[in-house]
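[1] show me how the following folds:
(one chain, ligands or ions: 2)
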Amino acid sequence: MAPAPGPPPRNPFRPTFGVSPTVLAGRSSLLTAFELGLAEGPGSPYRALIISGARGVGKTVVLNELEDTALRQGWVHLRAYPGPEMTATLVRTSIPELLDTLGSPTSRRMLTGGSIAGVGSVTAAADPAHRAPEPTLITRLREVARILAPRGAGVLITLDELQSADPGHLHDLATAVQDLMRDNHDIAFVAAGLPAGVADLLQQQGTTFLRRAHRVDLAGVAPAEASRLFADTAESGGRTMSAEAVAEAVRLSHGYPYLMQVVGSMTWAQANLQGADALTAGHVRKVSGPAIERMGLQIHAPSFQGVTGQQMRLLYALAELSPDNGPVRTGDIAARLGLAPNAISMAREALLRRSLVVVPSYGHLQFALPYAAHHLLAHPHLRP
Ligand SMILES: Nc1ncnc2c1ncn2[C@@H]1O[C@H](COP(=O)(O)OP(=O)(O)OP(=O)(O)O)[C@@H](O)[C@H]1O
Ligand SMILES: [Mg+2]
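    Numbers count the residues shown, from 1 in each chain. Ligands and ions are numbered 1, 2, ... in the order given. Alright, predicted model coming up:
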């Protein structure tokens, strides 16, 4: 008797956010440069990085990879969380916990409820009359750096969703990082966020240091990398994906990381439904509609929230002039709206700032993400 068939192999694609993929596509030059920057010493521009990119392009995944890169070199890492308590959480919780794992005597005293809250307060401890000053981000980070220095290691601080950070807290953090760098400590800082939010924050007072940080504009991945991603991910899950299926999936997903995972995941599911072992071009074609729809729900729908009527009219004109998301002359958009070209310049600027459109070449506009035109045309109720 033939053995009963086991359950189908688990889907190796990750059609979600913030979860590292089974196979990472692209990004190797950034990771290599960062690795070298940590090994190089203070002064490497890769020790202060600001990563910007559209929703779902892979910012959080890159941050995770950079953290892993640092850990492999013996560095420690701290995550800052944007929000009303960003600085306080670092000073009162995250850094004391880190100090404790590093075996710092100061932190142990602090955590066991001693009255000395300060860092580096050994002499103060001997003299109870002499109260230690309140710890600050700088004093805390200096303590971390002092412990790590003899080990030849440093500390990496990461901040995701940079656009949601409070400018004052960002200033505290940037000042602390800059202060330690100036003293030749091994410290690195990497922040990631949506382009418009990052640009706004960098306009704020007190962010000069961040304005000098090395900027990385994260884009989708090249077709060769995308091909490798599909073939290798399927294989890691125990299935083959035919060359024709890979080519179809690459064409459909435009090298955009979130969509690559969605297309791969749905193709895998379709093969399950058809009881197939290998992933074929037929499976990919069968899921193309639902995959584009998922992209619309998860990426486009939220990104059009809060867009004004005038801006939406411009977007619909762009979509109608190029339903497959190609570049369109700005003059043609204005003409379609029955307006003079300069009458749409404010809406155009606002849409660029929101990263909904890009300027592919002089005098042209194009949607920033694949299938944006498709989404608008399929949802006429969004039209003002
Ligand atoms: N380089 C990559 N190779 C393969 N898959 C990737 C890559 N980067 C991201 N992904 C996949 O795309 C999904 C989206 O990535 P991620 O959550 O990092 O995007 P994001 O830019 O942080 O999005 P958001 O702006 O919504 O926070 C991830 O769950 C991951 O599976
Ligand atoms: Mg993210």
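
[2] so in this protein, where's the weakest helix or strand by average pLDDT?
    helix 122-126 (a mean of 44; mean pLDDT, DSSP states H and E).

[3] ok, then the element right after that one?
    Note on helix 122-126: by DSSP states H and E, the next helix or strand toward the C-terminus is helix 137-148.

[4] do me a favour and average the pLDDT over that next one.
    Throughout helix 137-148, pLDDT has a mean value of 94.

[5] okay, it in PDB with CA atoms only?
    C-alpha atoms of helix 137-148 as PDB (Å, rounded to 0.1, in the frame of the first residue of the first chain):
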ATOM      1  CA  LEU A 137      21.500  59.400  27.200                       C
ATOM      2  CA  ILE A 138      25.100  60.500  26.800                       C
ATOM      3  CA  THR A 139      26.300  59.300  30.200                       C
ATOM      4  CA  ARG A 140      24.500  56.000  29.700                       C
ATOM      5  CA  LEU A 141      26.000  55.400  26.200                       C
ATOM      6  CA  ARG A 142      29.400  56.400  27.400                       C
ATOM      7  CA  GLU A 143      29.200  53.600  30.000                       C
ATOM      8  CA  VAL A 144      28.200  51.100  27.300                       C
ATOM      9  CA  ALA A 145      31.100  52.300  25.100                       C
ATOM     10  CA  ARG A 146      33.600  52.100  28.000                       C
ATOM     11  CA  ILE A 147      32.700  48.500  28.700                       C
ATOM     12  CA  LEU A 148      32.800  47.500  25.000                       C
END
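
[6] in the protein, what residue is nearest ligand 1?
    Among the residues of the chain, residue 58 lies closest to ligand 1, at 2.6 Å counting by CB to the nearest ligand atom. From N, CA and C alone the C-beta is placed, and that goes for glycine too.

[7] not counting sequence-adjacent ones, nearest residue to that residue?
    residue 257 (4.2 Å; CB to CB, 6 or more residues apart in numbering).

[8] ok, that neighbour - contacts?
    The neighbourhood of residue 257, defined by CB atoms under 8 Å, 6 or more residues apart in numbering, consists of 21, 25, 56, 57, 58, 61, 220, 221.

[9] from those residues, which land in helices?
    Counting by DSSP state H, these place residue 61 in helices.

[10] near ligand 2, which of the contacts of residue 257 show up?
    Near ligand 2, judged by CB under 5 Å from the ion, there are no entries from the contacts of residue 257.

[11] would you reformat the contacts of residue 257 as TSV and include pLDDT and neighbour count?
    Below are the contacts of residue 257 laid out as TSV (pLDDT from 0 to 100; neighbours: other CB atoms under 10 Å):
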residue	pLDDT	neighbour count
21	94	19
25	93	24
56	93	22
57	94	25
58	96	29
61	96	22
220	92	24
221	95	24
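
[12] I'd like the contacts of residue 257 as TSV, with distance to residue 303 appended.
    What follows is the contacts of residue 257, written out as TSV (distance: CB to CB, whole Å):
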residue	distance to residue 303
21	22
25	23
56	10
57	12
58	16
61	19
220	16
221	20
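
[13] now residue 45: closest residue in space that isn't a chain neighbour?
    Once flanking residues are discounted, residue 45 sits nearest to residue 214: 4.4 Å by CB to CB, 6+ apart.

[14] count the neighbours of the one you found for me.
    Residue 214 is flanked by 16 other residues according to other CB atoms under 10 Å.

[15] ditto for the one 3 residues further on
    By other CB under 10 Å, the residues close to residue 217 number 12.

[16] residue 290 now?
    With neighbours defined by other CB under 10 Å, the count for residue 290 comes to 14.

[17] residue 348 versus that one, what's the distance?
    Applying CB to CB, to the nearest Å, the value for residue 290 to residue 348 is 33 Å.

[18] same check on residue 19?
    Where residue 348 is concerned, residue 19 sits at a distance of 35 Å (CB to CB).

[19] just residue 13 next, same as before
    Distance, residue 13 to residue 348, using CB to CB: 36 Å.

[20] tell me the contacts of the nearest residue to residue 179 once chain neighbours are set aside?
    Leaving aside its sequence neighbours, residue 179 sits nearest to residue 138 (CB to CB, 6+ apart; 5.3 Å). By CB under 8 Å, 6+ apart, the contact list for residue 138 reads 175, 176, 179, 180.

[21] so where do the strands sit in the protein?
    48-52, 76-80, 155-159, 187-193, 214-217, 328-329, 357-358, 364-367 (DSSP state E).

[22] for the ones you listed, which one sits closest to ligand 2?
    Closest to ligand 2 of the strands of the chain, according to CB to the ion: strand 187-193, at 7.0 Å.

[23] packing partners of that closest one?
    Contact analysis of strand 187-193 by 3 or more CB pairs under 8 Å, 6 or more residues apart in numbering; DSSP states H and E lists helix 28-40, strand 48-52, helix 59-72, strand 155-159, helix 167-182 as its packing neighbours.

[24] just the pLDDT at the residue nearest to residue 333 when sequence neighbours are not counted, thanks.
    In space, and not counting its chain neighbours, residue 333 is closest to residue 317: 4.8 Å by CB to CB, 6+ apart. Reading off the confidence values, residue 317 has pLDDT 97.

[25] and the closest residue to ligand 2 within the chain, what does it touch?
    Taking CB to the ion, ligand 2 has its nearest neighbour within the chain at residue 60, 3.3 Å off. By CB under 8 Å, 6+ apart, the contact set of residue 60 is 17, 18, 160, 192.
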